[in-house]
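K.L.:
Got a predicted model here, sequence first, then my questions.
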Amino acid sequence: MAELRGSVAPERKERANGWVRAIGTQLLILVITLGVAEVILRVIDLRYLRLDESGTQPVYAHDAELGWFPIPNSSQTYTGSRTVQVHHNSVGFRDIEPQQTGKPTIAFVGDSFVWGYDSAQGERFTDLLRGAMVNHRVVNMGVNAYGTDQEYLMLQRFWERFTPAVVVLMVCVDNDRIENSTNLRYDGPYKPYFALAANTFAGQPVPWSRHLYFGHYWIARHSWLVRVAISAYVYWKHPPLRLPDPTERLIRMMRDMVTAKGGKFLIGLERSDARDEAFFKAEKIPYIAFDGAEAYPTHGAHWTPKGNAFVADRLKQFLADNGIAP
């Protein structure tokens, strides 16, 4: 009996050693496979997995209500069709420091065309209007890449700060409707959205995008494989949505908010668009289109300095025609 037990023990030991070797071999294969995959991902250098392709630049921070918003007092050098210096004031807008002047305020709300993509400060149409309309306070409330939904929420947030007498919503024909119909900005940051069926905003608090995870966690900053896993998790947790276009509803809501507070609501249209213009006419919203404004051929066809001057001149006349004298 003792001899039998003695013969079984080495067999068990050998079997255990076999399992250890098998597991070790599999782990080694796994480590080598992951290492090779990591190297391949780094060599391929997928734009989708890069740290700096977030859809918003480093001067922007995550905002649970708006999706993103400029960091107050932030500055950077930004290159699109040209290289310009960008600075945001203490509120977070790319504008001069706000002051209480006692003058009636004209607030321009919009996306990169108002913010001034490819424009240096001093060249934008709001800068030019400020010099021409000395009896008014001109405020630039543009935020890069915003949709009309975010612009409405942003205007609501800052209304008491600026109490505008006039709000000019600058509508981008190229992408406003696309941006208003989704919860995700070009595979980058998430954003709130307006659900027409429920007649309310949704997607708040706005979730983190995969790029926020990339930048926040050390292991994600240093491992492309981890970024793949994070991307899969984020899109499983918060899948991209395609929604019914709420643009007309959002513009009505903004118009009603402004007029209910005693302000005047006007529209600036990047370029002529039959659908938008038919809606503005039906709603009796004064508007002007900026066909003919010179623009750069790349990076979204934003206005050149000459184009901004053209827009400023058209706006001066448009404002005067609507009782806001330059």
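P.N.:
Looks like it came in fine.
K.L.:
Please make it C-alpha for all contacts and neighbour counts, starting now.
P.N.:
Noted.
K.L.:
Of all the helix elements in the protein, which one is longest?
P.N.:
Looking across the chain with DSSP state H, the single longest helix is helix 2-44.
K.L.:
Check the offset of it from the chain's centre.
P.N.:
Average the C-alpha atoms of helix 2-44, do the same for its chain, and the two points are 49 Å apart (Cα atoms, centre = their mean, to the nearest Å).
K.L.:
That helix - what's its average pLDDT?
P.N.:
Helix 2-44 shows a mean pLDDT of 72.
K.L.:
following it, which helix or strand comes up?
P.N.:
Per DSSP states H and E, the first helix or strand lying C-terminal to helix 2-44 is strand 60-63.
K.L.:
ok, that following strand: who's next to it in the sheet?
P.N.:
Take DSSP bridges as the rule and strand 60-63 pairs in its sheet with strand 67-70 (antiparallel).
K.L.:
how about the strand it pairs with: buried residues?
P.N.:
Judged by neighbour count using 16 or more other Cα atoms under 10 Å, the buried positions of strand 67-70 are Gly67, Trp68, Phe69, Pro70.
K.L.:
what pLDDT, on average, does that strand get?
P.N.:
Mean pLDDT, computed over strand 67-70, is 96.
K.L.:
Quick one: mean pLDDT for the helix or strand just after that strand?
P.N.:
Note on strand 67-70: by DSSP H and E, the next helix or strand toward the C-terminus is strand 75-79. In this model, strand 75-79 has an average pLDDT of 88.
K.L.:
Could I get the buried residue list for strand 75-79?
P.N.:
Buried residues in strand 75-79, defined by neighbour count with 16+ other Cα under 10 Å: Ser75.
K.L.:
could I get that strand in CSV with only the CA atoms?
P.N.:
This file holds the C-alpha atoms of strand 75-79, laid out as CSV (Å, rounded to 0.1, in the frame of the first residue of the first chain):
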residue,chain,number,x,y,z
SER,A,75,-4.4,80.0,-24.8
GLN,A,76,-2.9,78.0,-27.6
THR,A,77,-1.4,78.2,-31.1
TYR,A,78,-3.8,76.6,-33.6
THR,A,79,-3.2,75.6,-37.1
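K.L.:
Could you give me the buried positions within the helix or strand that it is followed by?
P.N.:
Proceeding C-terminally, strand 75-79 gives way to strand 83-87 as the next helix or strand, assigned by DSSP H and E. If you call a residue buried by 16+ other Cα under 10 Å, then strand 83-87 has these buried ones: Val84, Val86, His87.
K.L.:
contacting residues for the nearest residue to the last one once chain neighbours are set aside?
P.N.:
On the basis of Cα to Cα, 6 or more residues apart in numbering, the spatially nearest residue to His87 that is not a chain neighbour turns out to be Ser75, at 4.3 Å. When contacts are counted by Cα atoms under 8 Å, 6 or more residues apart in numbering, Ser75 touches Val59, Gln85, Val86, His87, His88.
K.L.:
Make a markdown table from those residues and add pLDDT and distance to Phe280 to it.
P.N.:
Below are the contacts of Ser75 laid out as a markdown table (pLDDT from 0 to 100; distance: Cα to Cα, whole Å):
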| residue | pLDDT | distance to Phe280 |
| --- | --- | --- |
| Val59 | 83 | 34 |
| Gln85 | 92 | 36 |
| Val86 | 93 | 33 |
| His87 | 95 | 34 |
| His88 | 96 | 32 |
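K.L.:
mind listing what the nearest residue to Ala37 once chain neighbours are set aside touches?
P.N.:
Excluding the flanking residues, the one nearest Ala37 by Cα to Cα, 6+ apart is Leu225, at 7.5 Å. For Leu225, the contacting residues are Leu34, Ala37, Glu38, Leu41, by Cα under 8 Å, 6+ apart.
K.L.:
ok, now Phe113?
P.N.:
Counted by Cα under 8 Å, 6+ apart, Phe113 has contacts Gly142, Asn144, Met170, Cys172, His302, Trp303.
K.L.:
Swap in 10 Å and give it another go.
P.N.:
With contact taken as Cα atoms under 10 Å, 6 or more residues apart in numbering, Phe113 is in contact with 119, 124-125, 142-145, 170-172, 270, 300-303, 308.
K.L.:
Domains in this structure, by residue range?
P.N.:
Listed by automatic domain parsing, the domain ranges of the chain are 2-44, 60-209+239-321.
K.L.:
just those domains: most buried one?
P.N.:
Highest mean neighbour count among the domains of the chain (mean count of other Cα atoms under 10 Å): domain 60-209+239-321, with a mean of 18.
K.L.:
three-state assignment of Leu169?
P.N.:
Assigned with DSSP: H, G, I helix; E, B strand; the rest coil, Leu169 falls in the strand class.
K.L.:
Great, nothing more from me.
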